[in-house]
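Undergrad: Fold the following.
(one chain, ligands or ions: 1)
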Amino acid sequence: MDFNFSEEQLAVRDAARDFAKTELLAGVIERDEEQKFPLEQVKKMGELGFLGMMVDPKYGGGGMDTVSYVLAMEEISKIDASASVCMSVNNSLVCWGLEKYGTEAQKEKYLTPLAKGEIWGAFCLSEPEAGSDATSQRTTAEDKGDYYLLNGNKNWITNGNTASVYLVFAQTDKEKKHKGINCLILEKGQEGFIVGKKENKLGIRGSDTHSLGFTDVKVPKENRLGEDGEGFKIAMKTLDGGRIGIASQALGIASGALELAIQYSKERKAFGKPIHQHQGIAFKLSEMATNIEAARMLCLQAAFLKDQGKDYSKASAMAKLFASKIAMESTVEAVQIHGGYGFVKEYHVERLMRDAKITQIYEGTSEIQKIVISRELMND
Ligand code: CAA
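TA: Take a look at the predicted model:
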């Protein structure tokens, strides 16, 4: 692995850092409090190319590598994880699958506006009774000849209300178990497709998380992504890359908390000196920084393997497992370092602590990452 970033990669990182500071920071506390989706900010992210970073330019994307994506995700997540989850889902879970498995017609119609950031998408796998156990899909896509009849419900869908394109996983042939699952491309506003309640969440409160309902939605056959019965494999492969995005989000939450803690510990004085000169605080900061650097290496390694066309299932699961743990630990420490100020909203660290928790849950809980890693270890 090359530890030197290219000029292009550094320019992407700097652009993301600049965008986060100038466009996302103002109002982030209010958006969190009011559960307000950062609509204007996400539109700007689209204009700047952050929503379709890795897609081939011939489909309107940025043609960048995954390392650049990790760098950008970290910077955006330092400031606003509600905006970065929208970015991660569109890049990793929606655009990637469409580019890898889509027909030319699907790429032209759906991928191109998604990659240009004119619209964004949602990935609809989780159900009320199928979260970790993703093979147990209850949503059905009955084969009716030239269309599928879609019925069922999805839960905890990121971008649930603001998305324009939805990748929906559903069971077509129950007998075939996971080999009978299909992935269908849906458009917002299709008859029988209802956006349900918005979740009132602990963290990433600005993100747009909804349940979805489908009643006799007619989805034309040409909107099936991949081959008949290939849906579950598409979901698993897609999540391998999605986990790099969420690992980088966790990394950004952790490094954002560290930056705030360093700044505060230089300004805040206690017992006659800045608090970083007390060993108790210095040790905390050193440990946070070391863990964050290790998490960064795992994120970059997973991205590097993906860019090299090598297998990255284990690496992305390891990156997500470790970075999300570090995000939780670092944000708790950042609140502790801030003392009473850490417990109030103006200092940002309490929000980062709440946001960190979801990184241990979505796109596979930490326990799911351990299952993926242990299976890969047995196959090595
Ligand atoms: N790549 C390709 N194929 C894969 C794969 C991968 N990474 N992982 C599994 N498969 C294949 C297997 O090879 C197997 O295929 P065959 O039958 O042809 O051999 C098939 O898929 C079934 O695999 P398993 O037997 O391993 O399946 P399982 O039921 O034991 O489950 C699991 C495996 C890893 C636990 C999986 O169910 C899983 O990842 N669950 C978590 C789902 C998840 O992350 N949900 C998050 C929802 S998305 C979200 O949160 C988005 C958001 O809005 C932010």
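
Undergrad: So which residues on this protein come close to the ligand?
TA: Listed as neighbours of the ligand in the chain under the rule C-beta under 6 Å from any ligand atom: 89, 123, 125-126, 132, 134-135, 157-158, 178, 232-233, 236-237, 239-240, 313, 362-364, 368, 371-372. Using the backbone N, CA and C atoms, a C-beta is placed for each residue, glycine as well.

Undergrad: which of these count as buried?
TA: When neighbours are counted using 16 or more other C-beta atoms under 10 Å, the residues of the chain next to the ligand contain these buried positions: 89, 123, 125-126, 134, 157-158, 178, 232-233, 236-237, 239-240, 313, 362-364, 368, 372.

Undergrad: Strands - which of these land there?
TA: The members of these that map onto strands under DSSP state E are Phe123, Ile157, Thr158.

Undergrad: quick one, what contacts the closest residue to the ligand within the stretch 201-350 of the chain?
TA: Sorted by distance to the ligand under C-beta to the nearest ligand atom, the residues of the stretch 201-350 of the chain start with Met236, at 3.4 Å. Residues counted as contacts of Met236 (C-beta atoms under 8 Å, 6 or more residues apart in numbering) are Ala134.

Undergrad: What score does it have for pLDDT?
TA: Listed pLDDT for Met236 reads 98.

Undergrad: Same question for the one 10 residues further on.
TA: We have a pLDDT of 98 for Ile246.

Undergrad: If you tally nearby residues, what's the number for it?
TA: Under the neighbour criterion other C-beta atoms under 10 Å, Ile246 is assigned a count of 32.

Undergrad: In the helix or strand hosting Cys183, which residues are buried?
TA: With elements taken from DSSP states H and E, the one containing Cys183 is strand 181-187. Residues of strand 181-187 classed as buried by neighbour count (16+ other C-beta under 10 Å): Ile181, Asn182, Cys183, Leu184, Ile185, Leu186.

Undergrad: can you tell me which helix in the protein is longest?
TA: Of all the segments assigned as helix in the chain under DSSP state H, the longest by residue count is helix 231-267.

Undergrad: Check which residues of it are buried.
TA: By neighbour count, and taking 16+ other C-beta under 10 Å as the criterion, the buried residues in helix 231-267 are 231-258, 260-262, 264-265.

Undergrad: Compute the inter-axis angle for that helix and strand 181-187.
TA: The directions of helix 231-267 and strand 181-187 differ by 70 degrees, with axes from the mean of the first three to the mean of the last three C-alpha atoms, to 10 degrees as the criterion.

Undergrad: tell me what the helix or strand just after helix 231-267 is packed against?
TA: Downstream of helix 231-267, the next assigned helix or strand under DSSP H and E is strand 269-270. Packing partners of strand 269-270 (3 or more C-beta pairs under 8 Å, 6 or more residues apart in numbering; DSSP states H and E): none among the helices and strands.

Undergrad: what's the average pLDDT for strand 269-270?
TA: According to the model, strand 269-270 has a mean pLDDT of 96.

Undergrad: cool, stretch 47-65 as well?
TA: The pLDDT scores in stretch 47-65 average 98.

Undergrad: Tell me how far it lies from the chain's centre.
TA: 17 Å (C-alpha atoms, centre = their mean, to the nearest Å).

Undergrad: now the strands for the stretch 251-380 of the chain?
TA: With DSSP state E, counting those that start in this stretch, the ranges of strands along the stretch 251-380 of the chain come out as 269-270, 273-274.

Undergrad: just checking, what packs against the last one?
TA: If I follow you right, that is strand 273-274. Using 3+ C-beta pairs under 8 Å, 6+ apart as the contact criterion, the secondary-structure elements in contact with strand 273-274 are helix 231-267.

Undergrad: where does the helix it packs on sit relative to the chain's centre, distance-wise?
TA: Shown here is helix 231-267, whose average C-alpha point lies 8 Å from the average C-alpha point of the whole chain (C-alpha atoms, centre = their mean).

Undergrad: Also stretch 44-52?
TA: Using C-alpha atoms, centre = their mean, the offset of stretch 44-52 from its chain centre is 15 Å.

Undergrad: Show me what counts as buried in that stretch.
TA: Taking 16+ other C-beta under 10 Å as the criterion, stretch 44-52 shows Lys44, Met45, Gly46, Leu48, Gly49, Phe50, Leu51, Gly52 as buried.

Undergrad: Need these in a markdown table (columns: distance to Lys218).
TA: Converted to a markdown table, the buried residues of stretch 44-52 look like this (distance: C-beta to C-beta, whole Å):
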| residue | distance to Lys218 |
| --- | --- |
| Lys44 | 35 |
| Met45 | 33 |
| Gly46 | 29 |
| Leu48 | 37 |
| Gly49 | 35 |
| Phe50 | 34 |
| Leu51 | 29 |
| Gly52 | 29 |
